[in-house]
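> Pasting a predicted model and its sequence here:
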Amino acid sequence: MSNDPRGPDSNDTTGEGDAESDGDDTAGRLLAGRCDCGHVTYPSHPVCPACGEPQEGQVELSERKGTVLTWTTATTTPPGVREPNTLAIVVFEVDGQQVRALGGTTDAVEIGDRVRPVHVEQLRDPEACVRAAESQRFDGVRFEPVE
Ligand SMILES: [Zn+2]
């Protein structure tokens, strides 16, 4: 049995979120939530914002390319976060719906650039973490420009 609070992947009706259960299966993944009504959100929600039913499906965004909607560069960042830190809102098209995700970028980007999510081993410095490092994740996803 899985202790993953997001529930089993057996509810994935998309055919796209073919998760492998080898322990930590979220590394490098960008998972949106999908409701049976068709509404897709990122991040996922326990309950669908559109219809109020449990949002049990998932859509894997990691294998998709998105488009930079807008971006900014933070020059004053919290302890342990890279400086400067460029962040982008990226729009993914999922079955005709636009799904937005906020994240850091690997390189400079411009509005309209095509990007893809890539796994990053360390998004921030564990040494600067005020909470117990063992309870935190430091890896994650950044958006990398693609040609
Ligand atoms: Zn719904």
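Perfect, I can see it now.

> how about the residues of the protein near the ion?
Taking CB under 5 Å from the ion, the part of the chain that reaches the ion is made up of 35, 37, 39, 48, 50-51. To be clear about C-beta, it is placed using only N, CA and C from the backbone, and glycine gets the same treatment.

> how about a cut-off of 6 Å?
Contact residues, the chain versus the ion (CB under 6 Å from the ion): 35, 37, 39, 48, 50-51, 53.

> Now a PyMOL select for only the buried ones of the residues you listed.
This is the PyMOL syntax for the buried subset of the residues of the chain next to the ion, where burial follows 16 or more other CB atoms under 10 Å:
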select buried, resi 35+39+48
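
> just the residues of the chain next to the ion now: which is nearest residue 86?
Nearest to residue 86 among these is residue 39, at 29.8 Å by CB to CB.

> residues in contact with the closest one?
48-51, 55, 97 (CB atoms under 8 Å, 6 or more residues apart in numbering).

> would you turn the residues of the chain next to the ion into JSON lines with pLDDT and secondary structure?
Shown next, in JSON lines, are the residues of the chain next to the ion (pLDDT from 0 to 100; DSSP: H, G, I helix; E, B strand; the rest coil):
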{"residue": "35", "pLDDT": "96", "secondary structure": "coil"}
{"residue": "37", "pLDDT": "95", "secondary structure": "coil"}
{"residue": "39", "pLDDT": "95", "secondary structure": "coil"}
{"residue": "48", "pLDDT": "96", "secondary structure": "coil"}
{"residue": "50", "pLDDT": "96", "secondary structure": "coil"}
{"residue": "51", "pLDDT": "97", "secondary structure": "coil"}
{"residue": "53", "pLDDT": "96", "secondary structure": "coil"}
